[in-house]
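In: 3D model of this:
(one chain, ligands or ions: 1)
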Amino acid sequence: MKPLTIKMNDQDNVAIVANPGGLPAGTPLTNGLVLKDAVPQGHKVALTDLPAKSAVVRYGIPIGFAMKDIPAGSWVHERLLEMPTARELDNLPIATVKPPPQSALEGYTFEGYRNADGSVGTRNILAITTTVQCVSGVVDYAVQRIKNELLPKYPQVDDVVGLEHTYGCGVAIDAEGAEIPIRTLRNISLNPNFGGEVMVVSLGCEKLPPERLMPPGTIPITDQRGDAQQLDVVCLQDDAHVGFLSMIDAILATAEQHLQRLNARRRVTVPASELVVGVQCGGSDAFSGVTANPAVGYCTDLLVRAGASVMFSEVTEVRDGIDQLTSRATSPEVAQAMIREMAWYDAYLQRGKVDRSANTTPGNKKGGLSNIVEKAMGSIIKSGTSPISGVLSPGDKLKQKGLIYAATPASDFICGTLQLAAGMNLHVFTTGRGTPYGLAQVPVIKVATRSDLARRWHDLMDVNAGTIADGDKTIEEVGWELFHLMLDVASGRKKTYAEQWKLHNALALFNPAPVT
Ligand code: CA
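Out: Next up is the predicted model:
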């Protein structure tokens, strides 16, 4: 097999080996260099002699410093690298880069569900909000009954989902940071895929009662009812309930009213600008930043040109590229908001006496990523090249178009949950090691970074960006493929593999406050 190495930037003094199974020692590379060591797939080879303490450069930036002399042709693994310290948060370049304006992409549409508040859903789902974990078992039971007995009568409704979580009681509800899980739950209930049909199941004695979770005025006025919605609550401790099945009957009766209204909704043609896309990665490898994430980044630029909203997130995976982000901000206020979110997260990690380097996993390292700096440079590419026009704090709802930095932890489930709260109606997830991630609330398009993964997980991966490393497709081609797939999935014309198999991870709230 022809040796294949990939260098990301002219200044790089390392490249990664792309061949499946890696390359054995003694292999001559196309540039005349001969491998001194066997180098696994995705791992780095030194292109020049790297003297001790010199910078090892990938993506055009130092991802580490050589701990000893590394001769050209050697395998450069994480045990040979000292990680750079994180960039300070002062004296950053602020809104210095003015990317040339890109032409608007017009004429792209999808078929979506227009909501009373102006948002657009890509699915038509009944969501049952819960105030506290205590009710989860009962809601689970009720959801199964609704699926079996009611849903067949309402063919326009795609699914019924219990919004279950571990919050609501046993927590310091007034502590600093508690507002994050509370507003996350509130805003998830208002996700465009649920059509404004909010119903709540409460226990009765919890710290987070329904009126605190959804204060009056939270739910938008719907056309069908004409007036401000009363919060629809089934409270399990109500005196009216005698026996378990009385609770279930009450939940089913309430659900049926909402199902009737959801069933009357129809898809209408809307511009692609109504997409609210959350992008993230999980189970990353060295190809993430070479294939899948650059293709997603290209697609991000297409979406921004089409007037859509795109959120990128994962604080610890962009922290080392903060200067790239603040320089791309459209205004000093946006740059300052990013710095504020990073500083908050630095302090949050500091409380646990760790830093952003706690992010990387054994699988990341096995996949060739030496440290968080290298991982971050590959992750940040998902944001494309567009100007960054807004910043969202964890759990907040998105109210603008364009490229948005939504500050969330990198944890796949917490990031997905917070992007749901922001109003995401389509999710894109890249993976190199492979993860069967899925959410019940929104379609998740999964993009594989390597053809080997796409082949083995042929019925889990929706897009194979590994074709880029194979030399079969360009980043632009895969970016467009993803863009068109998004419109098909958003329209309900195509289902993702996670939808087909009903692979649904549980919601995971970000609660930085103490529990009691
Ligand atoms: Ca992630």
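In: For this structure, which residues are neighbours of the ion?
Out: Taking CB under 5 Å from the ion as the test, the list of the chain residues beside the ion reads Gln280, Gly282, Ala410, Asp412. (Each C-beta comes from the backbone N, C-alpha and C, glycine too.)
In: Try it again at 8 Å.
Out: Gln280, Cys281, Gly282, Ser284, Ser313, Glu314, Glu317, Ala410, Ser411, Asp412, Cys415 (CB under 8 Å from the ion).
In: which non-adjacent residue is nearest the first one?
Out: To tie it back to what came earlier, the one meant is Gln280. Cys415 (5.0 Å; CB to CB, 6 or more residues apart in numbering).
In: isn't that neighbour right up against Ala422?
Out: No: look at Cys415 against Ala422 with CB atoms under 8 Å: they stay out of range, at 10.5 Å.
In: joint contacts of those two?
Out: The contact sets of Cys415 and Ala422 overlap at Gly278 (CB atoms under 8 Å, 6 or more residues apart in numbering).
In: Tell me which stretches of this structure form helices.
Out: 136-145, 179-189, 210-213, 244-263, 292-305, 322-328, 332-351, 362-366, 372-379, 412-422, 451-456, 466-470, 475-490, 497-500 (DSSP state H).
In: Mind giving me the PyMOL select for the residues of the chain next to the ion, buried ones only?
Out: Listed next is the PyMOL selection for buried residues among the residues of the chain next to the ion, using 16 or more other CB atoms under 10 Å:
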select buried, resi 280+281+282+284+313+314+317+410+411+412+415
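In: Take the residues of the chain next to the ion and write them to JSON lines, including pLDDT.
Out: Written out in JSON lines, the entries for the residues of the chain next to the ion read as follows (pLDDT from 0 to 100):
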{"residue": "Gln280", "pLDDT": "96"}
{"residue": "Cys281", "pLDDT": "95"}
{"residue": "Gly282", "pLDDT": "94"}
{"residue": "Ser284", "pLDDT": "92"}
{"residue": "Ser313", "pLDDT": "97"}
{"residue": "Glu314", "pLDDT": "95"}
{"residue": "Glu317", "pLDDT": "93"}
{"residue": "Ala410", "pLDDT": "95"}
{"residue": "Ser411", "pLDDT": "96"}
{"residue": "Asp412", "pLDDT": "97"}
{"residue": "Cys415", "pLDDT": "98"}
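In: Sort out which of the residues of the chain next to the ion are in strands and list them.
Out: Secondary structure defined by DSSP state E assigns Gln280, Cys281 of these to strands.
In: Of the residues of the chain next to the ion, which is the nearest to Gln400?
Out: Nearest to Gln400 among the residues of the chain next to the ion is Ser313, at 15.9 Å by CB to CB.
In: check contacts around the closest one.
Out: Contacts for Ser313 were tallied using CB under 8 Å, 6+ apart; they are Gly278, Val279, Gln280, Tyr405, Ala406, Ala407, Thr408, Ala410, Cys415, Leu418, Gln419.
In: could you redo the last one with a cut-off of 6 Å?
Out: Gln280, Ala406, Thr408, Cys415 (CB atoms under 6 Å, 6 or more residues apart in numbering).
In: show me the contacts for the nearest residue to it once chain neighbours are set aside.
Out: Ranked by CB to CB, 6+ apart and with sequence neighbours excluded, the top spatial neighbour of Ser313 is Thr408, at 4.2 Å. Taking CB under 6 Å, 6+ apart as the criterion, Thr408 is in contact with Ser313, Pro394, Cys415, Leu418.
In: so how far is Val45 from the closest residue to Ser119 other than its chain neighbours?
Out: In space, and not counting its chain neighbours, Ser119 is closest to Pro192: 3.9 Å by CB to CB, 6+ apart. Taking CB to CB, to the nearest Å as the measure, Pro192 and Val45 are separated by 47 Å.
In: mind giving me the domain split of the chain?
Out: If you go by automatic domain parsing, the domain ranges for the chain are 1-82, 125-264, 276-500.
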